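[1] below are the sequence and a predicted model; questions follow.
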Amino acid sequence: MPEGPSILILREETERFAGQRILRVEGNSKVDLQRLQGQRVKALRSWGKHFLIELEDVVVRIHLLLFGSYRIDERKDAAPRLSLGFANGELNFYGCSVQFLQPPLSEHYDWRCDTLADDWDAELALTKLQAMPATLACDAILDQQVFAGAGNIFKNEVLFRIRVHPLSPLGALPAGKLKELVSEVRQYAFDFLAWKKAFVLKQHWQAHRQSRCPRCAIPLSKAKLGRTQRQSYYCEQCQRRYA
DNA sequence: TGGTTTGTTGCAGC
DNA sequence: AGCTGCAACAAACC
């Protein structure tokens, strides 16, 4: 489910609850859900992998983590972590993290870092990457402070596209390659979004969870790399290891 | 069938 | 004090 584009889809699917009042609240979240009762939804937003419900005096931050899920106007068998009832439908979240944030949102989020936002700032991302030369390429793409919304699929697909080995330190990349990394993360966010909406995301994977390189046909390498130790899929032949 | 995984946090231990 | 590594969460997918 939950890389940035999936959360943007969630936001679009829940747009009709904007302006609605919360008539019913329940759930097994540890935060005090009852304070949400009766509040009006000012806006539904997303920042990276965060889904945000902006209310009158608080913002509800939902993070689906790895296994979280949601249902609109239907329920699963499991107990909801958060269930919101409106006059025009209901919104249920399962297995997710729920937190309250104090407004204003601008004190918590910079939309220039959201890979899908209109305010995305490629120059800012580049500046941040230049300031972390020892960071490995595989870890850099997962850094939410630089690329909010990018996840493990992004990492594998972007590095394959730009033909960079995941263990390359950023400082070893030529300037043009670093720029390419930034622009491909942004590009892949929109490819992911379009493919996900069309239910064809997986069939476009070139590296992620693949067994052979689509360029040269040798078996892809699979290893948990970097500080994050997330699974990397990459081609030793096509992806250059800068050092 | 069971191992893997689109992720993050908090805390123990150093 | 600040770092690192791991458990926890919890469910679809191959």
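    Looks like it came in fine.
[2] please parse chain A into its domains.
    Per automatic domain parsing, the domain ranges recorded for chain A read A:4-107, A:111-234.
[3] quick one: average confidence on the longest one?
    Read that as domain A:111-234. Across domain A:111-234, pLDDT averages out at 93.
[4] do that domain and DNA strand C come into contact?
    Yes: shown here: domain A:111-234 in contact with DNA strand C (CB under 7 Å from any atom of the strand) through A:202, A:227. In this view, the C-beta of every residue, glycine as well, is placed from N, C-alpha and C.
[5] and that domain, how far from the chain's centre?
    Centre-to-centre, domain A:111-234 and its host chain are 12 Å apart (CA atoms, centre = their mean, to the nearest Å).
[6] span of it from start to end?
    End-to-end distance of domain A:111-234 (CA to CA, to the nearest Å): 30 Å.
[7] please enumerate the strands of chain A.
    Secondary structure of chain A (DSSP state E): strands at A:24-26, A:43-47, A:50-54, A:59-63, A:69-72, A:82-86, A:89-94, A:97-101, A:221-225, A:230-234.
[8] for the fifth one, packing partners?
    Going back to what we said before, that points to strand A:69-72. strand A:89-94 (3 or more CB pairs under 8 Å, 6 or more residues apart in numbering; DSSP states H and E).
[9] circling back: can you list the strands of chain A in JSON lines and add mean neighbour count and distance to residue A:135?
    Output for the strands of chain A, formatted as JSON lines (neighbours: other CB atoms under 10 Å; distance: least, CB to CB, whole Å):
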{"stretch": "strand A:24-26", "mean neighbour count": "15", "distance to residue A:135": "42"}
{"stretch": "strand A:43-47", "mean neighbour count": "21", "distance to residue A:135": "22"}
{"stretch": "strand A:50-54", "mean neighbour count": "23", "distance to residue A:135": "23"}
{"stretch": "strand A:59-63", "mean neighbour count": "21", "distance to residue A:135": "23"}
{"stretch": "strand A:69-72", "mean neighbour count": "16", "distance to residue A:135": "32"}
{"stretch": "strand A:82-86", "mean neighbour count": "20", "distance to residue A:135": "35"}
{"stretch": "strand A:89-94", "mean neighbour count": "20", "distance to residue A:135": "33"}
{"stretch": "strand A:97-101", "mean neighbour count": "16", "distance to residue A:135": "26"}
{"stretch": "strand A:221-225", "mean neighbour count": "15", "distance to residue A:135": "12"}
{"stretch": "strand A:230-234", "mean neighbour count": "21", "distance to residue A:135": "14"}
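[10] point me to the residue of chain A nearest DNA strand C.
    residue A:95 (3.1 Å; CB to the nearest atom of the strand).
[11] contacting residues around stretch A:191-207?
    The contact list for stretch A:191-207 (CB atoms under 8 Å, 6 or more residues apart in numbering) reads A:3-6, A:8-9, A:116, A:153-154, A:156-157, A:159-161, A:213-214, A:220, A:233-235.
[12] looking at the residues you listed, which are in helices?
    A:4, A:5, A:6, A:8, A:9, A:153, A:154, A:156, A:157, A:159, A:160, A:161 (DSSP state H).
[13] run through the residues that contact the fourth one.
    It stands for residue A:8. Residue A:8 is in contact with A:46, A:116, A:149, A:193, counting by CB under 8 Å, 6+ apart.
[14] neighbour-wise, which one of those leads?
    Neighbour counts for these, by other CB atoms under 10 Å, peak at residue A:149, which reaches 28 neighbours.
[15] pretty sure that residue sits against residue A:63.
    No: with contact defined as CB atoms under 8 Å, residue A:149 does not reach residue A:63; the gap is 12.0 Å.
[16] anything in the biggest helix by length in chain A near DNA strand B?
    If you go by DSSP H, chain A has its longest helix at helix A:175-197. No: using CB under 7 Å from any atom of the strand, helix A:175-197 never reaches DNA strand B; the gap is at least 7.8 Å.
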